[in-house]
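1. Can you look at this prediction? I've put the sequence above it.
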Amino acid sequence: MNTGNNITEKPTILAVDDNPSSFDQISNTFRDSASILSAVNYQNGMEIAENEQPDLILLNEKIKESDGLEVCLALQKSPETRNIPIIIMSNSSENSNEAESINAGAVDFIFKPLNEGILKARVENQLRQKNNLDFLKTLSSIDALTEIPNRRFFDERLDQEWKRATRERYSISLLMIDIDHFKSYNDTYGHLQGDECLKTVARNLSQNLWRSSDIITRYGGEEFAVILPGTPSYSALNVAKRLWESISALEIEHSSSLSVGHLTVSIGLATLSPNEKTKPHQLIELADKNLYKSKTDGRNRVTG
């Protein structure tokens, strides 16, 4: 199960520079501490930044006649890359260039030829700061009770996956999962036991998602949402049935259930192929509609 960036992994640095010796120096400096990506022009660099989401970008101030500061501004304006710190590398010793770089959104500025000690210190400083920010962001995106991602994370991640699927032209499936008769469960067993039930369900759902790209979140109350990127409807149906059966197999006592004597879930499934004219909310609405049908048809089932 994927819940976002793992801040303990080796960081990734994107070097955008048409000078092979600069790239070699960067690679040698961070050989043991980071993964290095390279681009020899700005267009390629922006595409890599958007698709690979590096932890930091080393951006040459000029490549041929193109202006790196305009690229820096564009990266800072894009929702997909605006949180990636950028260090500008410059062949000029003019202080005005440094000020212009900071104004364009760069976090730091370094002169060429690159001094290995200064390069290493400044890059590692920015990576530490990003690591701290990522950690705080992770904390704010985790549901305190179930310890899985929360609704805020769901909204952000679905938007990211939607854009990626639009570019790469694949489908996304969504499962909306609701615990059947959970209010009566709380009334019968108490809210503390209800909390334990939610934790058990969240843990079980997480354990039964087998791909690292699949994302489980607590959508709200007793409802969970699962994002399945690159998953056609028939495969998503298999996942939904597996999750549905796994919860039933727990045989958590639920004497006040109107379905059976143990805890069950209802699931609504939806699949769409994103494009420029469709929006994520359409997938949510379709999955919600199928979840409602599961409930009105008697609960304890999968619809989609």
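-> It's in. Numbers count the residues shown, from 1 in each chain.
2. Figure out the length between the terminal residues of stretch 259-279.
-> Taking C-alpha to C-alpha, to the nearest Å, the first and last residues of stretch 259-279 lie 35 Å apart.
3. Just the buried positions in it, please.
-> Using 16 or more other C-beta atoms under 10 Å as the test for burial, stretch 259-279 gives 259, 262-272, 274. In this view, the C-beta of every residue, glycine as well, is placed from N, C-alpha and C.
4. just checking, what packs against the helix or strand harbouring D24?
-> For D24, the element it lies in under DSSP states H and E is helix 20-29. Here helix 20-29 touches strand 12-16, strand 35-39, helix 116-140, going by 3 or more C-beta pairs under 8 Å, 6 or more residues apart in numbering; DSSP states H and E.
5. Flag the helix or strand of this structure with the lowest per-element mean pLDDT.
-> Ranked by mean pLDDT, DSSP states H and E, the weakest helix or strand in the chain is helix 95-103, scoring a mean of 83.
6. re the thing from before, let's have the helices and strands packed on helix 20-29 in JSON lines, adding mean pLDDT.
-> Shown next, in JSON lines, are the helices and strands packed on helix 20-29 (pLDDT from 0 to 100):
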{"stretch": "strand 12-16", "mean pLDDT": "98"}
{"stretch": "strand 35-39", "mean pLDDT": "96"}
{"stretch": "helix 116-140", "mean pLDDT": "93"}
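7. any idea which of these is most buried?
-> Among those, strand 12-16 has the highest mean neighbour count (mean count of other C-beta atoms under 10 Å), at a mean of 23.
8. starting at the chain centroid, how far to it?
-> 20 Å (C-alpha atoms, centre = their mean, to the nearest Å).
9. Which ones among the buried residues of stretch 259-279 lie within helices?
-> Among those, no member is found in helices (DSSP state H).
10. Could you list the domains of this protein?
-> 12-140, 151-303 (automatic domain parsing).
11. start to end distance for the last one?
-> Right, domain 151-303. OK, domain 151-303 end separation, C-alpha to C-alpha: 22 Å.
12. so where's the stretch 1-150 of the chain shaky on pLDDT?
-> 1-8, 93-96 (pLDDT under 70).
13. Compute the inter-axis angle for the helix holding D24 and strand 12-16.
-> Inter-element angle recorded for helix 20-29 and strand 12-16: 170 degrees (by axes from the mean of the first three to the mean of the last three C-alpha atoms, to 10 degrees).
14. How far away from the center of its chain is helix 20-29?
-> 30 Å.
15. For Q53, which of the helices and strands packed on helix 20-29 is the nearest?
-> strand 12-16 (7.9 Å; C-beta to C-beta).
16. Neighbouring strands - and their directions - for the closest one?
-> strand 35-39 (parallel), strand 56-60 (parallel) (DSSP bridges).
17. Send me the first one as PDB with only the CA atoms.
-> Translated: strand 35-39. This file holds the C-alpha atoms of strand 35-39, laid out as PDB (Å, rounded to 0.1, in the frame of the first residue of the first chain):
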ATOM      1  CA  SER A  35      19.800   9.100  -7.000                       C
ATOM      2  CA  ILE A  36      20.700  11.500  -9.900                       C
ATOM      3  CA  LEU A  37      18.400  12.200 -12.900                       C
ATOM      4  CA  SER A  38      19.700  14.300 -15.800                       C
ATOM      5  CA  ALA A  39      18.200  16.500 -18.500                       C
END
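18. what does it contact?
-> Here strand 35-39 makes contact (C-beta atoms under 8 Å, 6 or more residues apart in numbering) with 10-17, 23, 26-27, 30, 45, 47-48, 52, 54.
19. And for stretch 47-54?
-> With contact meaning C-beta under 8 Å, 6+ apart, stretch 47-54 is reached by 5, 11-14, 37, 39, 57, 75, 78, 80-81, 84, 164, 167.
20. which among these gets closest to M176?
-> Nearest to M176 among the contacts of stretch 47-54: R164, at 21.1 Å, using C-beta to C-beta.
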